[in-house]
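> Please work out how this folds:
(3 chains)
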Amino acid sequence: MSAASELQPVPQVQPKKKDDIILSVTNISKRFQIGKRIVHALSEVSFQVKSGIVTGLIGPDGAGKTTLMRLACGLLVPDSGSISVLDMNASREPLKVQQSIGYMPQRFGLYEDLTVQENLELYADLHKVAVKDRPARYEKLLHMTGLAPFTGRLAGKLSGGMKQKLGIACALVSPPPLLILDEPTVGVDPVSRRELWEIIYSQVKKMNMSVLLSTAYLDEAARCSEVVLMHEGKMLGQDTPQDFSRKMAGYAFEAHGSQRNRRALQEALSKSKKVVDAIILGDQVRLVTRKPEQAEELSEEFSAGKEQVTVRAAQPRFEDAFISILHDCKQDGDDKQCDLILPGQVGGKGDEEVIIVRDLQRRFGDFYAVKNLSFSVKRGEIFGLLGANGAGKTTTFRMLCGLLPATSGTLQVAGHNLRVARAPARAKIGYMAQKFSLYSDLTVRQNLNFFSAAYGLRGQLQKKRIQWALDSFELAEIQDNDSNDLPLGYKQRLALAAALMHAPEILFLDEPTSGIDPLARREFWRHINALASAGVTVMVTTHFMEEASYCDKLVIMARGQVLAAGSPSELTSRYRSPDNPEPSMEDTFIHLIEEFEQRKGKDT
Amino acid sequence: MDVMRLRGLVRKESRQIIRDPSSIGIAFFLPVLLLLIFGYGVSLDARHVPLAMVVEKNSPQAMALVSGFNQSDYFLPIPMRSIQEAEQALMHRKVDGIIWLRHNFARQLLMGGKAPIDVIVDGVDSNKARLIEGYVTGVWFNWLERMTGEQGQRLHVPVTVEHRVWFNAEVSSRNYLVPGLIAIIMTLIGAMLTSMVVAREWERGTMEALMVTPVSMKEVIASKIIPYFILGMGGMLLSVLMAVFLFQVPLRGSMWPLIVSSSLFMFTAINMGLLISVVAKSQFVAGQIAIVITFLPAFILSGFVFDIRTMPVVIQWLTHLVAARYFVDILQTLFLAGDIWPLFLTNSAWLAVMALFFLMIIKKKSRKLLE
Amino acid sequence: MLRKIFALMKKEFRTILKNKKTRMVLIIPPIAQILVFGYSASFDLNNVSYAVYNEDSGLASRQLLARFRGAQAFHFVDTVNHGDGIAPLINEKKVMLVLHIGPDFTRNLSKGLPGKIQVILDGRNSNSAMISLNYVRNIVMGFNTHWTAIHGGRHVPGQLVVSSWFNSSLDSHWFIIPGIVALLALVVTLEVTALSVAKEREAGTFDQLLVTPMTPLEILIGKSLPGFIIGFIEATFIIGMTILWFHVPFRGSFLVLYVGIFAFLLSAIGIGLMISSISITQQQGLMGAFLFLVPAVILSGFATPIENMPQFVQYITYLNPMRYFLIIVRSTFLEGASFGLLWNLYWPMVLIGIATLTAAGLLFRNRMY
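Next comes the predicted model:
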């Protein structure tokens, strides 16, 4: 460290005027070498972040968000282009930049074996906060984050939401003019997410702080003042979220069919040349069209014979803009026309209950990971388990797949009692684990080969199934690539293909879409819908609230317990009020959690 | 370097050490375990060697020789009736050697001729075989003296060898193995502790958060060295205490050279660990490298069990790259011989050179960048 | 069943051999270790450095010293003219020993009195000290025989006739190098197996594997076979090096040796898989393997005899498969031992193998997180 920088006092928050440029990115490109592959993390990205507002970097995994933030912090050096932060060049004067910004990396960058107080102290020491100013500063931060009662607790023992708040508190310990947050809301339940946004805005308002944050949740875009859209290292646009959605007026519709169920309707509508995007939302199908259309014309066009389809114009959303922009980028390969997968023969018809869970419990020591869980799933249903991290979803899943013995309760899957007959049940189950567990050293084909053999397939049948997987998941072209080198969307497809090799009756999907871009997510749900229509029972966990509405039935869990169960529209309708006539799944979830916490508060 | 930041980092590091049982485990549990295993498990001396005694015909002379073996602490003679039985026992590894006195032994002795005493040793473990040979020669020599003494004559051997083993009069191999062992354990601990600890910061993403603060890499490096140095020296103290009090190894040198050289060595080992962590960003890889590049060379090429002087010249050169080699030398000397300054100074100088060299590379390699 | 196992085995091989780093781990260390060990791990001194402090000017002392100068194993460094000169030489490790011949050595000898020489040895490595002392004695003995033959005198009654079986020149390489077969086979199989389950647990693929209809037994066999085959190849390679490169005689039958290798690999794989199924992360697997490997090597008799260990430590060594296999290797190499001599070394290894493999199979599913 140079002597000059030692003598320099910590720069004070420079009261920059609104709309001053606090961070400016000019023609930045950055490549990485991963194995033999060269990844273009960022190509020719330019944008500017205005002072005194919250700017969101929005894009799926692999969009280059993290790389960009690291470049801005001086942790990486760009291959070309430049970044200036607070009028300093980030790659030339990293130490100066680092003195004047607050940064929270992914996973919060906390020392889990230090207490809340000790974490704060460490960062205060590192930022050289004067000792006399500290008590007041700590108190303010702890009060703001609600961590005051937990100062003596180890950071590792905090819940995800509290960790995240502590992470922010540490980044704010010496109030920086610019706060950079990398995916601060990942893995955090909706309640904590809402609180986090409150903290961020209080800083912006009170301290005139500028914030740059990244997120993969599209619904969070609406909370930013300005949004930078990114995809695969390229910038797709910068605007206010309102402007993004406003441009979509006349493109967004809601459709309702008289005969066909919503899934069949969605499938039919998504085949239309006019439609860019069709997703299920409650009982309806939401449409985004290629060009501005009239609702009446669409109604006429989609109705055929007895089937009456009513189409109404809908409020455009930020997501609609993102989807149609992505579609424009991907024009060349029109993946919409691909055939739906044909699931193999499914054993058994009818709508009997294929999964029955009664009073299921799982204890780890004194801790109940799952408590008194009961539900049942009918054949061909898509059944969702919803809950924040640590709610007991994964534990329940592992028990249902026979990976974890239950402490007590009844557990019946595909007609077999899992507590006594695990092996026969397993032959009828397909399982896709979190993070798409594949053998990363093996190629796509080798993975399929192995899983099909492990499921006991051989000879012609094995060949046929592998060919089927390669064709219907569009993996044929990349069949000799290592699965490790695949983009996340392909990994997900391969993992699904592997789980379907033996044409299982029941499919378990644990967080199947986390980190996947919205287009790939839609593609994935189309496969799942097709499977369900063919009679495959699908059980899925997710923390994307909007995905919950794709399910036929839902269970919302918290702390190992069921808070509510029912169809998505049943659940949301409970909280319909004059203020909020169309409550979203997220609103419902937050209501449920709050009620639950209140009950708990009364009990103790 | 900034005092406030450094103090903050050192305090953080110390708190982590106190809360994390694994680093305490590596620093204190591992040395105790390894010292016990090695201390009790490794000894090159032979005691109570089972020996088949085949005396085909009894005679006073033969009896005298047998009783010589019986009285020796080195042997555990087992009488056998025939050479065939003894050979079978040797084949089955029931005995390590055979003493065979033929039926005409006494007669030949009395006739003044050469009476052969056949000694057969199992040569598989050549080192042990050689030791047994030496011990047998000793017993035989005593017997000769007694025999000639009884006849009223003096044994006439032109030249006799008298030996004095300096520093280790009881010729116990444990006395030199234990000090060498301390050096090896300390290499492992120093390198493993630091390399894994830094790798952990990478793995958990805390290094990234640390880097986007005004700290300099110098401060980060210093904050790793200081607490782990203290911890390592604690392990060192424990090992020395065990050597002296549990294994009864004499400590003849004085305290200061011991402290100085241990500090130097600890410093080198920690730097080695830091260097590993610059390369390896996961605890797994760091652990693997630490074991491969510190433990094995320290074990084979440090002169701990295998005397460097027995190695081919090329490999002797190679041993100069192994830091433990210098410390083994210092410790063996400090424990058994005392303060021998020329030896101490040369070895310490080598250690210092190595430590500085490592530090230089670390400084060069560790930039505040994620690439 | 066989097809599933075969598929799993194929997959294991692919993952092991695909990665350049793991491939290197299987190839480089064995070669490096056998070469370094083969040349450096030795107890034989072939270069005993010595100094002479000769106070005698007579012929006999010169004749005696000439024998030392002519000896291959000795290396003359310096002469000392004063008693005070001895200490620095020994202290600073300039020499391993000093030969001190008193002023009336030749006079005594020619009078028929015994001539004494004193050997001062550096005891910091007592093993080397004792070995070099033996060398000195041998040279002096040779001198004595020669002296008696020329100057007359009685023969010493009762001559020792020493012969050593199996290794007549007492070359310690013959002892150490076959041992490396055991050492490296153990290290390599542990490396392959100890991480195999832990790696899959870490990547989440182990759950995927358990959800398939494969039984734990099938998984166990599929996971064992690659370790077995790799261990076999490595062992064969090192045996080849031992015989062809280091010229250690092989006197026994390959069948006897390979049955031993089979039993040994069985136990090593069992231990490796057990460590692996206890561990959640690869790091734990590595630590576990290390914590097993170090005591297993030390307490195996590889470098130092088991009989020297305290009784309770000797009992512990019965749990160490390497202990048994070391004897089998050395016996088949040097003694040409037959099944009859070794059968009681085979079954403990098989027993350890079965016990640990069973434990591993049970732990596959019941290991919680």
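> C-alpha from now on. contacts and neighbour counts both.
Will do.
> What about A:Met545, how many residues nearby?
Here the count is done by other Cα atoms under 10 Å in any protein chain shown, and A:Met545 has 18 residues near it.
> my guess is it contacts A:Met585, does it?
Yes: counting by Cα atoms under 8 Å, A:Met545 touches A:Met585, with 5.7 Å between them.
> quick one: pLDDT of A:Ala427?
If you check A:Ala427, the pLDDT there is 80.
> And it, how far from chain C?
Using Cα to the nearest Cα, to the nearest Å, one obtains 5 Å as the distance from A:Ala427 to chain C.
> Residue numbers of chain C in contact with chain A?
When proximity is defined by Cα under 8 Å from any Cα of the partner chain, chain C lies next to chain A at C:1, C:3-4, C:7-8, C:11, C:14-15, C:18-19, C:203-205, C:207-215, C:365-366, C:368.
> List the buried residues for the strand or helix carrying C:Leu133?
Using DSSP states H and E, the element containing C:Leu133 is helix C:126-151. Using 16 or more other Cα atoms under 10 Å in any protein chain shown as the burial criterion, the residues of helix C:126-151 that qualify are C:126-137, C:140-141, C:143-144, C:147-148.
> Could you tell me how many residues sit around the residue of the stretch 201-350 of chain B found nearest chain A?
Across the stretch 201-350 of chain B, the shortest distance to chain A (Cα to the nearest Cα) belongs to B:Thr206, at 4.3 Å. When neighbours are counted by other Cα under 10 Å, B:Thr206 registers 21.
> repeat for the one 10 residues further on
Neighbour count for B:Ser216, taken as other Cα under 10 Å: 21.
> Tell me how far it lies from B:Val240.
Distance, B:Ser216 to B:Val240, by Cα to Cα, to the nearest Å: 36 Å.
> Off-centre distance for the longest helix seen in chain C?
When chain C is parsed with DSSP state H, its longest helix is helix C:339-366. Here helix C:339-366 is found 24 Å from its chain centre; the criterion is Cα atoms, centre = their mean, to the nearest Å.
> if we can go back for a sec, any residue of the helix holding C:Leu133 touching chain B?
Yes: for helix C:126-151, a contact with chain B is found by Cα under 8 Å from any Cα, at C:126-131, C:133-134, C:137, C:140, C:144, C:147-148.
> Could you single out the nearest of those residues to A:Thr541?
C:Asn127 (67.3 Å; Cα to Cα).
> From the residues of chain C next to chain A, list just the buried residues.
Here, 16+ other Cα under 10 Å leaves C:4, C:7-8, C:11, C:14-15, C:203-205, C:207-215, C:365 buried among these.
> number of nearby residues for the closest residue to A:Ala414 other than its chain neighbours?
The shortest distance from A:Ala414 to any non-neighbouring residue, by Cα to Cα, 6 or more residues apart in numbering or on different chains, is to A:Val354 (4.9 Å). Neighbour count of A:Val354, defined by other Cα under 10 Å: 20.
> Next, A:Val354: secondary structure please.
Three-state assignment for A:Val354 (DSSP: H, G, I helix; E, B strand; the rest coil): strand.
> Does C:Ser164 lie in a helix or a strand, and which?
C:Ser164 belongs to strand C:159-165, assigned by DSSP H and E.
> what does A:Ile280 give?
Using DSSP H and E, A:Ile280 sits within strand A:275-281.
> partner strands of that strand, parallel or antiparallel?
Taking DSSP bridges as the criterion, strand A:275-281 pairs within the sheet with strand A:284-289 (antiparallel).
> Now do the same contact list for the residue nearest to A:Ala532 when sequence neighbours are not counted.
Of all residues not flanking A:Ala532 in the chain, A:Gly380 sits nearest, at 4.8 Å (Cα to Cα, 6+ apart). Applying Cα atoms under 8 Å, 6 or more residues apart in numbering or on different chains, we find A:Gly380 in contact with A:Asp351, A:Ala532, A:Ser533, A:Ala534, A:Gly535, A:Val536, A:Thr537, A:Val538.
> mind checking how far the third one is from chain C?
I take that to be A:Ser533. From A:Ser533 to chain C the distance is 24 Å (Cα to the nearest Cα).
> Surely the residue of the stretch 201-350 of chain B closest to chain A touches A:Gln106?
No: counting by Cα under 8 Å, B:Thr206 stays clear of A:Gln106, with 9.6 Å between them.
> before we move on, the earlier item: could you report the separation of the residue nearest to A:Ala414 from A:Cys401?
The span separating A:Val354 from A:Cys401 equals 13 Å under the rule Cα to Cα.
> can you list the residues that contact the helix or strand hosting A:Val97?
Under the criterion of DSSP H and E, A:Val97 resides in helix A:94-100. Here helix A:94-100 makes contact (Cα under 8 Å, 6+ apart) with A:5, A:10-11, A:73-75, A:85-86, A:88-90, A:127, A:176-178, B:211-214.
> same deal with stretch A:225-235?
Applying Cα under 8 Å, 6+ apart, the external contacts of stretch A:225-235 come out as A:40-47, A:53-60, A:62-65, A:221, A:236-241, A:322.
> again, only using 7 Å
For stretch A:225-235, contacts defined as Cα atoms under 7 Å, 6 or more residues apart in numbering or on different chains pick out A:40-43, A:45, A:53-60, A:62-64, A:221, A:236-241.
> could you show me where the strands are in the stretch 301-450 of chain A, in order?
For the stretch 301-450 of chain A, applying DSSP state E, counting those that start in this stretch gives strands covering A:309-313, A:353-364, A:367-378, A:382-386, A:408-413, A:416-417, A:429-432.
> what pairs with the third one, and is each one parallel or antiparallel?
When you say that, I think you mean strand A:367-378. Sheet partners by DSSP bridges: for strand A:367-378, these are strand A:353-364 (antiparallel).
> quick one: buried residues of the strand it pairs with?
Going by neighbour count (16+ other Cα under 10 Å), the buried part of strand A:353-364 is A:Glu353, A:Val354, A:Ile355, A:Ile356, A:Val357, A:Leu360, A:Gln361, A:Arg362.
> so what's the fourth one closest to, chain neighbours aside?
In other words, A:Ile356. Distance criterion Cα to Cα, 6+ apart; nearest residue to A:Ile356, sequence neighbours excluded, is A:Ser376 at 4.4 Å.
> Pull the contacting residues for A:Leu181.
By Cα under 7 Å, 6+ apart, A:Leu181 lies in contact with A:Tyr103, A:Met104, A:Pro105, A:Leu212, A:Leu213, A:Ser214.
> how far away is it from A:Gly56?
Distance of A:Leu181 to A:Gly56, computed by Cα to Cα: 10 Å.
> Now the common contact residues for these two.
Taking Cα under 7 Å, 6+ apart as the criterion, A:Leu181 and A:Gly56 both touch A:Leu212, A:Leu213, A:Ser214.
> Pick the one among these closest to chain C.
Using Cα to the nearest Cα, A:Ser214 is the member of those that sits closest to chain C, with 26.5 Å.
> How many residues are close by the closest one?
Neighbour tally, A:Ser214, other Cα under 10 Å: 26.
> just C:Val297 next, same as before
Around C:Val297 there are 18 residues (other Cα under 10 Å).
> Any buried residues in the host helix or strand of it, and which?
Secondary structure assignment for C:Val297, by DSSP H and E: helix C:282-298. The neighbour-count check on helix C:282-298 (16+ other Cα under 10 Å) flags C:282-290, C:292-293, C:295-298 as buried.
> which pair in the residues you listed spans the largest distance?
C:Gln282 and C:Ile298 (24.3 Å).
> In the chain, where is pLDDT below threshold?
If you meant another chain, say so; for now it's chain A. Applying pLDDT under 70 to chain A flags residues A:1-19, A:35-36, A:187, A:258-260, A:305, A:330-351, A:389, A:421-422, A:602-604.
> Hmm, no, I was thinking of chain C.
C:153-158, C:366-369.
> domain assignment for it?
Listed by automatic domain parsing, the domain ranges of chain C are C:2-41+C:171-366, C:48-151.
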